[in-house]
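Asks: Sequence and computational prediction follow.
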Amino acid sequence: MDEMKRNKFFPIFILMFCFCIGLLLIANCAANQPPNSPKITGPAQGTTNTSYTFTALTTDSDNDTISYTFDWDDRTELTITDFLRNGTSSIQNHSWTQAGRYDIIVTVMDANNETTQNTTTIYIDSHLIKDEITGYLIDADGDGIYDLFYDETLGEETQVQQDTKEHYFIDLDGDGNWDYQYDPTTESIAAIDYEQSNMTSIDIPWTLIIIIINALIIISAIVFFYKKGYF
């Protein structure tokens, strides 16, 4: 009889046991929190083939160990650290071979596979413009003069041209006409019309032309009077 009672309550015991285990698992999962968003420090501008240092730091409220993953946005291999003690920073170096904008994504994972991330941006041989237009100038050949403008709204590259005052004319729509003039020193930008851009881009040295014309007139006069015997 006692054995029958035990057999009767055994399935109930098993169900209760499984229910309790489930509650413990749920409570454990609910209690675990992902790491805090990492703070990233590093340069915002640089040049190609130069190594730059970036530091990521975060903490985990559950005091879990943490691992950092650096995505350098240049299709190179990810940099992944071992699991480190909570609150430990990660210092990594990286260089880029091409000019442009790179969004560095740092992902932090704790021992329970919870993740969080943050992003910082570096411009390599590039100059950000965020005014009437949004994009950046690109020094494609590394000679210190910008060659292209990347329009972040359209996702397209167009031509630029530097004048003698180190301002840049930007052909925003790629129609062969200059649309804006930008000064990297003051970060000022102004819309221009086609006629003005043509005149300014040619940058005719009128003073020099006038001097040359006057000199030719004087030389011609001297030659004329010399042939007439006045000298």
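Replies: Great, that's in hand.

Asks: From here on, just use CA atoms for contacts and neighbour counts.
Replies: Noted.

Asks: Report the secondary structure element holding the residue positioned nearest the centre of the chain.
Replies: Nearest to the mean C-alpha position of the chain, by CA atoms, centre = their mean, lies residue 101 at 3.2 Å. Using DSSP states H and E, the element containing residue 101 is strand 100-110.

Asks: Next: residue 207.
Replies: Counting by DSSP H and E, residue 207 is found in helix 206-227.

Asks: what's the average pLDDT for stretch 93-101?
Replies: Per-residue pLDDT over stretch 93-101 has a mean of 97.

Asks: buried sites along that stretch?
Replies: Neighbour-count burial for stretch 93-101, counted by 16 or more other CA atoms under 10 Å, picks out 95, 96, 98, 99, 100, 101.

Asks: Present those as TSV; the columns should include distance to residue 87.
Replies: What follows is these, written out as TSV (distance: CA to CA, whole Å):
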residue	distance to residue 87
95	26
96	29
98	34
99	34
100	33
101	30
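
Asks: which one of these is nearest residue 74?
Replies: When the buried residues of stretch 93-101 are compared for distance to residue 74 (CA to CA), residue 96 comes out closest, at 7.4 Å.

Asks: give me the number of residues near residue 79?
Replies: Residue 79 has 14 neighbours, counted by other CA atoms under 10 Å.

Asks: thinking again about what came up before, can I get the CA coordinates of the helix holding residue 207 in PDB?
Replies: What follows is helix 206-227 as a C-alpha-only set of coordinates in PDB (Å, rounded to 0.1, in the frame of the first residue of the first chain):
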ATOM      1  CA  TRP A 206      44.800  90.500 -63.600                       C
ATOM      2  CA  THR A 207      47.500  92.600 -62.000                       C
ATOM      3  CA  LEU A 208      50.300  90.600 -63.600                       C
ATOM      4  CA  ILE A 209      48.600  90.700 -67.000                       C
ATOM      5  CA  ILE A 210      48.300  94.500 -66.800                       C
ATOM      6  CA  ILE A 211      52.000  94.800 -65.900                       C
ATOM      7  CA  ILE A 212      53.000  92.500 -68.900                       C
ATOM      8  CA  ILE A 213      50.800  94.600 -71.300                       C
ATOM      9  CA  ASN A 214      52.400  97.800 -70.100                       C
ATOM     10  CA  ALA A 215      55.900  96.400 -70.400                       C
ATOM     11  CA  LEU A 216      55.100  95.300 -74.000                       C
ATOM     12  CA  ILE A 217      53.900  98.700 -74.900                       C
ATOM     13  CA  ILE A 218      57.000 100.400 -73.400                       C
ATOM     14  CA  ILE A 219      59.300  97.900 -75.200                       C
ATOM     15  CA  SER A 220      57.400  98.500 -78.500                       C
ATOM     16  CA  ALA A 221      57.700 102.300 -78.100                       C
ATOM     17  CA  ILE A 222      61.500 102.000 -77.400                       C
ATOM     18  CA  VAL A 223      62.000  99.800 -80.500                       C
ATOM     19  CA  PHE A 224      59.900 102.200 -82.600                       C
ATOM     20  CA  PHE A 225      61.900 105.400 -81.600                       C
ATOM     21  CA  TYR A 226      65.200 103.500 -81.900                       C
ATOM     22  CA  LYS A 227      64.400 102.600 -85.500                       C
END
